[in-house]
Structure formats: C-alpha cells, structure tokens
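> pasting the sequence and the predicted model now:
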Amino acid sequence: MTSTSDLEIRGRIVSATAQFDDGVLSVDGERIAQVQSFAEWVAAHPDSIAPPFAGTVLPGLVDIHNHGGFGHRFDTIDPDEARAAARFHHTHGSTTVLASVVTGAAADMVAQVATLRTLVADGTIAGIHAEGPFLAAARCGAQDPRYLRDPDLELTEQLLAAADGQLRVMTLAPELPGFDKVAQRLSDSDVVVSLGHSDTDFTRFRHALRPTGFGGLVTHLANGMPPLHHRRPGPVAAALVAASQRHAVVELIGDGVHVDSGFGALVFATAPGQIALITDAMQAAGMPDGEYQLGPQVVRVIDGVARVANGSIAGGTAHLLKCLAWAVDTCGVPLCDAVIAATSIPAAAAGLADVGDLSTDHFADLLIVDDNLQLRRVLRHGQWLT
C-alpha cells in the first residue's frame with residue numbers, strides 16, 4: 001500500500017452527492033478535502049499543472065452482506081483468516097465490508113463474533129452481520145437446519161456482548177415465536193433488524209417492516225423466501241411495497257446467479273433509491289471451482305455457482321464491482337443509480353458513517369474504473385491498494 005496526502009484525482013465523478021463529467025477530487029490524509037468541477041479547480045489553481053484524467057471515479061463500494069472470499073472465511077475464530085477475506089474484497093473495490101456469520105452452533109457463532117469484533121477495532125471491517133440462527137427452517141437455503149432455532153433472548157444477549165457494539169445487522173424471520181422481543185432488544189442496541197429466510201405471508205412480513213415493525217432491511221430479496229405469485233404475493237411483494245414507500249431497503253444479490261436480470265430491473269423500477277446491491281460472497285469468491293465451506297456445511301462450486309448438498313445456492317462467488325456492472329449492463333440501470341445502490345444506500349442502511357460517498361470529510365475511499373467498469377485502482381482511507 002502506498003500512503004498519500006494532498007492527492008488530487010481528476011476524472012468523471014459519480015456518487016450520491018457529486019456528479020461531474022470532468023471533476024477533481026482532493027485528498028488530505030485519509031479524508032476527502034474537496035470535490036469540484038475541473039473548471040472550478042482550474043479557477044482556484046491558475047498556476048498549477050492540471051492532474052491527468054484518470055477515468056471514472058466512484059466511491060469505495062460498501063458490501064453489507066459478505067461471508068468471505070479468495071479461499072478465506074469470516075465465520076472463523078482466526079483473525080488472520082478474516083483479514084485475508086476482507087483484503088480480497090478491499091482490493092477489488094469494496095473498501096467497506098460487513099463480515100457475515102451464518103447459522104451454526106451457538107457457542108461457535110459467539111466465538112466468531114468475538115473474533116470479528118477485533119477486526120472492527122483495527123479498521124479491517126466496518127461491523128458484523130449475523131445471518132441466523134433465528135430463521136425459518138422451510139426457507140433455510142444454505143443455512144444448516146440442525147442449528148436453526150426460534151428467536152432467543154439469552155443467545156441474543158451473548159451475541160451482543162461478544163460483539164461489544166459492533167453487531168450492525170441481524171437477519172431474522174418475522175413469523176417465528178419470540179421475534180418481537182428479540183427484534184426490540186436488537187433495535188434498542190442500535191442493531192438493524194433485517195427480515196429474511198422467511199416463509200410467511202404478505203401481511204405478516206409487511207407488518208414487520210417499518211414504520212409499524214422493527215425491520216429496516218430485507219436480506220437478499222427473493223432468495224430464502226417464497227416466490228412472488230399473483231395470488232400469494234408473500235414477502236417479496238411486501239418488501240417491494242415497503243421499499244417503494246421508503247420504509248425499508250432491500251438487498252439484491254447482483255451476481256447474475258441468484259436473481260434474473262429481469263427481476264433486477266423490476267426491483268430497481270419499483271424501489272429506486274432503496275436497493276442495496278450485495279455479493280453474499282463466500283469463501284469461493286475469486287477462486288476456481290472446487291469444494292469449500294460455509295459455516296458447518298460443505299459447499300461445491302461448479303461453473304462458478306456454489307451449492308450445498310440439498311441443491312440450494314450457497315452464497316456468491318463475485319465481488320461487488322461485478323454486481324454493479326450486472327445492474328448496469330444486464331438490468332439497464334443508469335450508472336449513478338447502480339453506484340448509489342452499491343455505496344451510499346447500503347452504508348445508510350447499516351448505519352455506517354463517513355463512507356459510501358465522495359463528499360468532504362468522508363474517508364478517502366474510491367475506485368477508478370474504465371468505461372467498461374473494469375477496475376484500474378483502489379484508494380482506501382487515503383492509501384492506494386492497487
């Protein structure tokens with residue numbers, strides 16, 4: 001990594017609060033000092049040599065649902081293992097990552113959360129996401145059904161204590177007994193309640209979303225829930241209605257495997273500004289086909305698609321820039337809309353400050369891409385990673 005200060009980067013700038021066909025972003029240490037048009041920069045620096053045009057400049061991507069990558073896992077008690085997983089995604093443009101753990105034995109999940117907490121402290125990850133174990137068995141997907149359980153305040157307290165304030169998101173099925181008590185406890189601790197792996201109907205799922213309920217986020221929309229049907233609209237329709245009314249943000253796995261591009265186009269058309277692109281990446285992201293692990297379960301990857309023994313898709317094998325490109329190239333989403341779905345929206349949904357936008361005083365997290373959204377360089381906290 002190469003550290004920098006007083007750096008100026010010129011290019012096409014695309015973010016939630018700054019869009020310039022030709023702009024200059026100034027960095028001071030690990031923070032953004034200023035973002036302005038090239039004409040404004042020239043006027044303010046009449047005697048300076050203009051920085052070269054570098055390409056398209058995007059905010060560092062924010063992945064709030066990620067289980068690992070490049071042969072490494074976040075569901076671990078080895079901090080170096082988790083650091084290596086984070087480093088892979090950082091260097092591919094996801095400068096902010098929530099580390100996700102999956103359903104497992106209660107003691108294992110608590111130990112994994114305690115390990116990940118140390119990585120938040122040193123800035124490697126931005127927080128922790130617990131996907132389980134309070135999920136519906138009928139929609140467990142790649143979650144190990146042996147360890148699923150109804151929402152339990154005692155285990156919730158153990159996870160909160162192990163995380164020591166760094167548990168950002170927890171996924172729960174709203175129909176399970178005990179949901180209200182656990183969701184209330186999580187909300188009181190500033191943990192975002194995300195609804196998912198649910199087999200309930202439209203009414204119950206919609207009621208569990210804000211403003212009437214606790215859920216402000218929906219875990220990987222359409223995956224881990226009944227299919228959308230015109231006589232049984234279910235959680236998918238409930239989530240889209242809530243998102244269209246700005247009562248929830250829906251995660252969308254944009255790897256081209258978990259959902260069809262036509263469904264992606266529908267989601268962006270229905271709930272603009274309320275979509276968080278995610279990878280749901282696991283250990284096999286960036287790796288060849290073969291055998292890998294997700295929580296307690298063995299995963300086999302064939303042609304880049306990860307599945308557990310029951311045939312369920314077991315997380316993704318892509319990085320977030322690929323998901324952003326999928327939204328643009330195959331779903332027909334305008335670049336700026338896709339960018340904010342991979343940056344400012346997930347950051348806000350998970351309560352993450354100073355990331356996800358090219359704005360003064362935010363962390364100097366950005367990536368430079370070419371016209372085809374191929375990665376050129378990554379800057380994280382003012383340091384070049386690539």
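Yes, it's here.
> in the lengthiest strand in the chain, what's buried?
For the chain, the strand reaching the highest residue count under DSSP state E is reported as strand 19-28. Buried residues in strand 19-28, counting neighbours by 16 or more other CB atoms under 10 Å, are found at Q19, F20, G23, V24, L25, S26, V27. To be clear about C-beta, it is placed using only N, CA and C from the backbone, and glycine gets the same treatment.
> the following helix or strand past that strand packs against which elements?
Once the chain leaves strand 19-28, the next helix or strand it forms, by DSSP states H and E, is strand 31-37. In this structure, strand 31-37 makes packing contacts with strand 19-28, judged by 3 or more CB pairs under 8 Å, 6 or more residues apart in numbering; DSSP states H and E.
> just give me how far the strand it packs on sits from the chain centre.
Here strand 19-28 shows a centroid-to-chain-centroid distance of 25 Å under the convention CA atoms, centre = their mean, to the nearest Å.
> what's the next secondary structure element after the lengthiest helix in the chain?
In the chain, assigned by DSSP state H, the helix with the most residues is helix 106-121. Sequence order places strand 127-131 as the next helix or strand after helix 106-121, per DSSP H and E.
> shaky segments in the stretch 1-150 of the chain?
1-5 (pLDDT under 70).
> and the gap between the residue of the chain positioned farthest from its centre and L98?
Distance from the C-alpha centroid of the chain, by CA atoms, centre = their mean, peaks at D47 (42.7 Å). Relative to L98, D47 is positioned 45 Å away (CB to CB, to the nearest Å).
> would you map the strands across the stretch 201-350 of the chain?
215-218, 249-253, 275-278, 290-294, 297-302, 305-307 (DSSP state E, counting those that start in this stretch).
> list of residues touching stretch 322-334?
61, 253-256, 261, 264-265, 268, 277-279, 335, 337-339, 341-342, 373 (CB atoms under 8 Å, 6 or more residues apart in numbering).
> of the residues you listed, select the buried ones using a PyMOL command.
For the buried members of those, the matching PyMOL selection, counting by 16+ other CB under 10 Å, is:
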select buried, resi 61+253+254+255+256+261+264+268+277+278+279+335+337+338+339+341+342+373
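> now do G264 against L221, distance only.
Distance from G264 to L221, by CB to CB: 10 Å.
> need the residues touching each of those two.
Counting by CB under 8 Å, 6+ apart, the residues touching both G264 and L221 are L252.
> and the buried residues of strand 19-28, which is closest to A43?
V24 (11.3 Å; CB to CB).
> so that closest one touches A33, yeah?
No: applying CB atoms under 8 Å, one finds V24 not in contact with A33, separated by 10.6 Å.
> domain parsing for the chain?
Structural domains of the chain, as assigned by automatic domain parsing, span the residue ranges 2-59+358-384, 62-349.
> now A138: closest residue in space that isn't a chain neighbour?
Leaving aside its sequence neighbours, A138 sits nearest to D199 (CB to CB, 6 or more residues apart in numbering; 4.2 Å).
> a helix runs through the one you found, doesn't it?
No: assessed with DSSP: H, G, I helix; E, B strand; the rest coil, D199 is coil; it does not lie in a helix.
> all helices of this protein, in order?
38-44, 79-91, 106-121, 153-163, 179-188, 202-208, 234-244, 261-270, 320-329, 335-341, 344-349.
> closest to I368 out of those helices?
Going by CB to CB, the one of the helices of the chain nearest I368 is helix 320-329, 11.4 Å.
> pull out the buried positions in the closest one.
Applying 16+ other CB under 10 Å to helix 320-329 flags L320, L321, K322, C323, L324, A325, W326, A327, V328 as buried.
> what's the closest of these to R139?
Out of the buried residues of helix 320-329, the member with the shortest distance to R139 (by CB to CB) is C323, at 22.4 Å.
> got the phi and psi for the closest residue to the closest one other than its chain neighbours?
Spatial nearest neighbour of C323, chain neighbours left out: G254 (3.1 Å); criterion: CB to CB, 6+ apart. Main-chain dihedrals, G254, degrees, to the nearest 10: phi -100, psi 40.
> what sits against G254?
The contact partners of G254, by CB under 8 Å, 6+ apart, come to G264, L277, I278, T279, A318, L320, K322, C323, L324, W326, A327.
> still on that earlier bit, mean pLDDT and distance to T156 added to the strands of the stretch 201-350 of the chain, as a markdown table?
Output for the strands of the stretch 201-350 of the chain, formatted as a markdown table (pLDDT from 0 to 100; distance: least, CB to CB, whole Å):
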| stretch | mean pLDDT | distance to T156 |
| --- | --- | --- |
| strand 215-218 | 95 | 16 |
| strand 249-253 | 98 | 22 |
| strand 275-278 | 98 | 23 |
| strand 290-294 | 95 | 23 |
| strand 297-302 | 95 | 23 |
| strand 305-307 | 96 | 29 |
